[in-house]
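J.: Could you look at this predicted model? Sequence included:
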Amino acid sequence: MAKKNDFTKRANDYLATRLGPVQRLGELLDAKAEKEAELKDFDAAIEKAVQECIEAGWKPAELTELGVPKTSIPRRQTRTATLEPRTPTSDVGGAALAGPFPDPTP
């Protein structure tokens, strides 16, 4: 007995035509992820080489003039000042506290 309606075969054919482009998209996304990881490795190597140049005596401004992208040059690390603990002699106005405040009631 012959099949009059080959529904499953037609559905598979239809899906196969839709699957090809999405497979290509998946391949491209995978390739892009690999390239981005490779670029990240290059960026790290460039930053290390820039740091070696600075340690060898090159100034960041000189490297910029030579064409090194500013994004590759590490920013100067700011130092935070260490605060000294407050003592009675370091109070506002420099006045030392001699003791407890006098009682304002007579």
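T.: Right, received. Where do you want to start? None of the values given here were measured: they were computed from a predicted structure. Residues are numbered from 1 along each chain as shown.
J.: show me where this structure has helices.
T.: 7-55, 60-66 (DSSP state H).
J.: Buried deepest among those helices, which one?
T.: Most buried of the helices of the chain, by mean neighbour count (mean count of other CB atoms under 10 Å): helix 60-66, with a mean of 12. (C-beta placed from N, C-alpha, C; glycine too.)
J.: and that helix, what does it pack onto?
T.: In terms of contacts (3 or more CB pairs under 8 Å, 6 or more residues apart in numbering; DSSP states H and E), helix 60-66 is packed against helix 7-55.
J.: Put together a markdown table for the helices of the chain, with mean pLDDT and distance to Ile73 on each row.
T.: As requested, the helices of the chain are exported to a markdown table (pLDDT from 0 to 100; distance: least, CB to CB, whole Å):
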| stretch | mean pLDDT | distance to Ile73 |
| --- | --- | --- |
| helix 7-55 | 94 | 6 |
| helix 60-66 | 95 | 5 |
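J.: Using CSV, lay out the ones you listed together with distance to Arg75.
T.: Shown next, in CSV, are the helices of the chain (distance: least, CB to CB, whole Å):
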stretch, distance to Arg75
helix 7-55, 11
helix 60-66, 9
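J.: So for Arg76, which of those sits nearest?
T.: helix 60-66 (8.0 Å; CB to CB).
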